[in-house]
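In: Fold the following for me, if possible:
(one chain, ligands or ions: 1)
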Amino acid sequence: MVKVENTKSIAMSDSIINLDHGDPTAYEEYWRKIGDRCTVTIRGCDLMSYFSDVNNLCWFLEPELAEAIKELHGAVGNAATEDRYIVVGTGSTQLCQAAVHALSLLAGGTEPVSVVAAAPYYSTYVEETTYVRSGMYKWEGDAWRFNKKGPFIELVTSPNNPDGTIRETVVNRPDDDEAKVIHDFAYYWPHYTPITRCQDHDIMLFTFSKITGHAGSRIGWALVKDKEVAKKMVEYIIVNSIGVSKESQVRTAKILKVLKETCASETENFFEYGREMMKNRWEGLREVVKESDFTLPKYPEGYCNFFGKTLESYPAFAWLGTKEETDLVNDLRRQKVMSRAGERCGSDKKHVRVSMLSREDVFNVFLERLANMKLIKSIDL
Ligand code: PMP
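Out: Here you go, the predicted structure:
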């Protein structure tokens, strides 16, 4: 519970807190406790070649990383890995662009392929599809409003960034050969949401960043059914960066292996730890928001196959709204809290996206400042 008498320390603490980006530093403490079990030693003569496995379609994928990815998905039960290609990327940011490129290229038309996502959407999709001004695809914004004919790609993020909802395609043209979907499952892990099914889509993106918090390693992977799509994605990555850092891959493999081992542990289960931490943060936030003009989405419970019980969702971002006609991003900025404007996510001024994955002390300052805003408003009345 947040105590409003803390306003004294709020006045004293003068620092700006940045909850605009989703830097996942919340998990540092866990990995500190794990200690040297994740330490990787790399000698000067190691990992020098461009190549990892010349027999693999994705020849820059380290075999031990491929193995660790398959084992982790197997243990968690969140995605099928059989009969598909694994493409490794410098974060799933690179893979999303590779997938958009591959699908657009294979569409083979002369007009740019439309790219859409249902609002509110992950704002980086806009930059990813507009920055290089490709003539092959075109960002067309909100999928809810999309009704153009011709080839299109829908980006489906589930649980969704920014609002944490479980998503499916909204354009929904199942029999249309020109309809392609990229599923971004960055947050489909048991600490954020119940694992209700083993996902089995054509292109599924995952990121190391949001599972364990190792965003700095810049590793993501795609599970791709179609060989031609996988090939074109690999080509894109070759042109873009001639593969992906081996040091990062080896470290990721090691940490994913330890993560998988902890899944069987009663005391060290990472997902249990993460879920508990997220639960506490969400309860703290809902307590502050209660009986205020702020709003938060409600999430249905679901049966989690990983934990074997019915659980709530604790998304990595809070989609904070207000009942007032105000510019919430500016209201928060005045309290020295940086958040992402709802407008950037295809929504409105009354909503912002706030990261729930900061370090604990930063998160607590955020709660104090939010409580303070509520207090100021009630005094105004
Ligand atoms: N997709 C979604 C929905 C995300 O939230 C993020 C990270 N903010 C990414 C992709 C990109 O992750 P990465 O660090 O692997 O590039």
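
In: ok now do the closest residue in space to residue 148 that isn't next to it in sequence, which residues does it touch?
Out: Leaving aside its sequence neighbours, residue 148 sits nearest to residue 114 (C-beta to C-beta, 6 or more residues apart in numbering; 5.6 Å). C-beta coordinates here come from the backbone N, C-alpha and C atoms, glycine included. Residue 114 sits next to 137, 138, 140, 146, 148, 150, 151, 152, 153 when contact means C-beta atoms under 8 Å, 6 or more residues apart in numbering.

In: moving C-terminal of the strand or helix carrying residue 114, what's the next helix or strand?
Out: Assessed by DSSP states H and E, residue 114 sits inside strand 113-117. As assigned by DSSP H and E, the chain's next helix or strand after strand 113-117 is helix 124-130.

In: mind listing what's buried in that following helix?
Out: Across helix 124-130, burial judged by 16 or more other C-beta atoms under 10 Å covers 125, 126, 128, 129.

In: Listing partners with orientation, what would you give for the strand holding residue 114?
Out: Strand pairing for strand 113-117, using DSSP bridges, gives strand 137-142 (parallel), strand 152-157 (parallel).

In: which of those strands sits most buried?
Out: Of all those, strand 152-157 has the most neighbours on average by mean count of other C-beta atoms under 10 Å, namely a mean of 23.

In: what sits up against that strand?
Out: By C-beta under 8 Å, 6+ apart, the list of residues contacting strand 152-157 reads 96, 100, 103-104, 113-118, 121-122, 125, 137, 140, 143, 146, 167-171, 178-184, 186-187.

In: That one and the ligand, are they touching?
Out: Yes - for strand 152-157, a contact with the ligand is found by C-beta under 6 Å from any ligand atom, at residue 157.

In: Now do that strand: distance to the chain's middle.
Out: Relative to its parent chain, strand 152-157 has a centroid offset of 15 Å by C-alpha atoms, centre = their mean, to the nearest Å.

In: what mean pLDDT would you report for it?
Out: Computed over strand 152-157, the mean pLDDT rounds to 98.

In: Partner strands of the following helix or strand past that strand and their direction?
Out: Elements were assigned by DSSP H and E; along the chain past strand 152-157, the next helix or strand is strand 179-184. Applying DSSP bridges to the sheet, strand 179-184 is found paired with strand 152-157 (parallel), strand 203-207 (parallel).

In: Quick one, which of those strands gets closest to residue 345.
Out: Closest to residue 345 of those is strand 152-157 (C-beta to C-beta; 10.7 Å).
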